[in-house]
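Q: just the structure for this:
(chains A and B)
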Amino acid sequence: MQTNDIADLISRVATGDRAAFASLYKITNPKLFAICLRILKHRPNAEEALQEVYIKVWHRARTFAAGSGSPATWLAAIARNHAIDVIRARKPVTEDINEAYDLADETISTPEQHVVMADEGRRIDNCMRELDAIHAGAVRRAYVEGLSYNELAADLDVPLNTVRTWLRRSLLKLRECMQR
Amino acid sequence: MTPGEYGHESGRTQDEVLAGEYVLGVLSAEARRRVEQRMVADRGFALLVERWQSDLASLNEDYQEDTPGAGVYAHIERRLFGVEPSVVATGIWNTASFWRWVALGASTVAVAAIVFASSVYQPSRTPAPIVAQLSAPENPLNLLVSFDAATGRAKIVPVASGAREEKSLQLWFVPESGNPRSLGVFQPGADGELLIPADLRQTMTAGVRIAVSLEPFGGSPTGLPTGPIVASGTTRQL
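A: Numbering: from 1, shown residues only, chains lettered A, B, ... in the order given. Reported below is the predicted structural model:
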């Protein structure tokens, strides 16, 4: 999958080019379907979600054409966000009204100067290795499977607040590591 | 949490975590909607989300590839364009060649606004404009006039006549030889701007032929004009 080819196809889709849309679907559907299937764990539901994902791609292509991010990341985010929304609607999560943030303040730079680079995601692998292995595993499972805090807590057999603290601290450690 | 908190040190830490939680996907549906509303209202916060999205993108490699059912794409097309691809080639769309229509030489068209490259696309949040659709009997091309009271500006955008979901107008670059190439489809409800494909921007100089065709809703399914040319003309430098 060539990044430039996908970016070119998305910019053509932004002009209303149906032939480009068909090509984009052909090239990218196996990955986006895998995302839907991994999160929804049910083939017909994943196929239904995939339809919605590409309808969003058609309508939002113009917002990508104007941006500068990686096209693969953009497409994957649309698929993940949609699949996560579907699973949250199906299996609602009870919400704490006052979720405490018992986190120490850390110096975090604002991303105003941040330019999204295609290969920037590489460094997260090194930073993940600096986390406690259990915490890194929880971060990865949350992301890849789209698990809620409640599901992670049940799966890992730890209290909800514990898993929440693990992930929040891990996010701050990752951010700190990425800025080094 | 309000946008005003952004920039406050502890607020910033919370924002960083909240943006990361959103991208990880651990939040409830309600919390996800709140984050998305915040992203619209607070560009600084939206950048935090985009940064996590980019930083965590290598985790996408954990997803293998899989094959959905063969019918999925047809469903997508039907939902977006309202017709089966095979139906498109019949009836009024089964027209003579594009070139004959060009030769018939309809009137020239004033294409409202061709945008070669817009920098950052910002959806406007201004009040709804006053609009009028100007039409004449038997004319496949109407003009949508919209007036924005806030700025005093009026825009005129060509639209296909008839129901909005039925047909679209598509703009083509017509080379001296070879096939016409799509410059874009006028989107219903949009402001008449078209983002010209990057590789065609060089060709948009004075003296080139452009044309507008009537196409199935969403634009030509084949990548070539399938409907009648409603207008064509030659560009010139102002």
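Q: okay, CA-based contacts and neighbour counts for the rest of this
A: Will do.
Q: could you break the chain into its assigned domains?
A: Reading this off chain A. In terms of domains, chain A is parsed into A:3-90, A:111-179 (source: automatic domain parsing).
Q: nope, chain B
A: For chain B, the structural domains run B:3-62, B:88-234, going by automatic domain parsing.
Q: those domains: lowest mean pLDDT?
A: With a mean of 67, domain B:88-234 has the lowest mean pLDDT of those.
Q: is any part of stretch B:224-233 close to chain A?
A: No. Using C-alpha under 8 Å from any C-alpha of the partner chain, stretch B:224-233 never reaches chain A; the gap is at least 9.0 Å.
Q: run the chain-centre distance for that stretch.
A: Here the centre of stretch B:224-233 is set off from its chain's centre by 19 Å, with C-alpha atoms, centre = their mean, to the nearest Å.
Q: ditto for stretch B:50-61
A: 26 Å.
Q: buried residues in that stretch?
A: Residues of stretch B:50-61 classed as buried: B:E50, B:R51, B:W52, B:Q53, B:S54, B:D55, B:L56, B:A57, B:S58, B:L59, B:N60 (neighbour count, 16 or more other C-alpha atoms under 10 Å in any protein chain shown).
Q: before we move on, what about stretch B:198-218?
A: B:M204, B:R209, B:I210, B:A211, B:V212, B:S213, B:L214, B:E215, B:P216, B:F217, B:G218.
Q: quick check: the fourth one is in a strand.
A: Yes. For B:A211, which was evaluated using DSSP: H, G, I helix; E, B strand; the rest coil, the result is membership in a strand.
Q: got the contact list for it?
A: Contacts for B:A211 (C-alpha atoms under 8 Å, 6 or more residues apart in numbering or on different chains) come out as B:V109, B:L171, B:W172, B:F173, B:V174, B:I229, B:V230, B:A231, B:S232, B:G233.
Q: nearest residue to it in space, ignoring adjacent ones along the chain?
A: In space, and not counting its chain neighbours, B:A211 is closest to B:S232: 3.9 Å by C-alpha to C-alpha, 6 or more residues apart in numbering or on different chains.
Q: ok, the one you found to B:A198 distance?
A: 22 Å (C-alpha to C-alpha, to the nearest Å).
Q: same question for B:N139.
A: In this structure, B:N139 and B:A198 are 32 Å apart, going by C-alpha to C-alpha.
Q: how about B:L169?
A: From B:L169 to B:A198 the distance is 20 Å (C-alpha to C-alpha).
Q: buried stuff in the lengthiest helix in chain B?
A: With secondary structure taken from DSSP state H, chain B has its longest helix at helix B:9-24. Buried residues in helix B:9-24, defined by neighbour count with 16+ other C-alpha under 10 Å: B:10-24.
Q: so which of those residues comes closest to chain A?
A: Of all the buried residues of helix B:9-24, chain A sits closest to B:L24, with 4.5 Å by C-alpha to the nearest C-alpha.
Q: what residues are up against the closest one?
A: By C-alpha under 8 Å, 6+ apart, B:L24 lies in contact with A:V139, A:A142, A:Y143, A:G146.
Q: could the C-alpha coordinates of the lowest-mean-pLDDT helix or strand in chain A be exported in CSV?
A: Lowest on mean pLDDT, DSSP states H and E among the helices and strands of chain A sits helix A:3-13, with a mean of 86. Coordinates of each C-alpha in helix A:3-13 appear next as CSV, following Å, rounded to 0.1, in the frame of the first residue of the first chain:
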residue,chain,number,x,y,z
THR,A,3,1.1,6.2,1.0
ASN,A,4,1.3,8.6,-2.0
ASP,A,5,-1.2,6.5,-4.0
ILE,A,6,-3.7,6.5,-1.2
ALA,A,7,-3.3,10.2,-0.6
ASP,A,8,-3.8,10.8,-4.3
LEU,A,9,-6.9,8.7,-4.3
ILE,A,10,-8.4,10.4,-1.3
SER,A,11,-7.8,13.8,-2.9
ARG,A,12,-9.6,12.6,-6.0
VAL,A,13,-12.5,11.3,-3.9
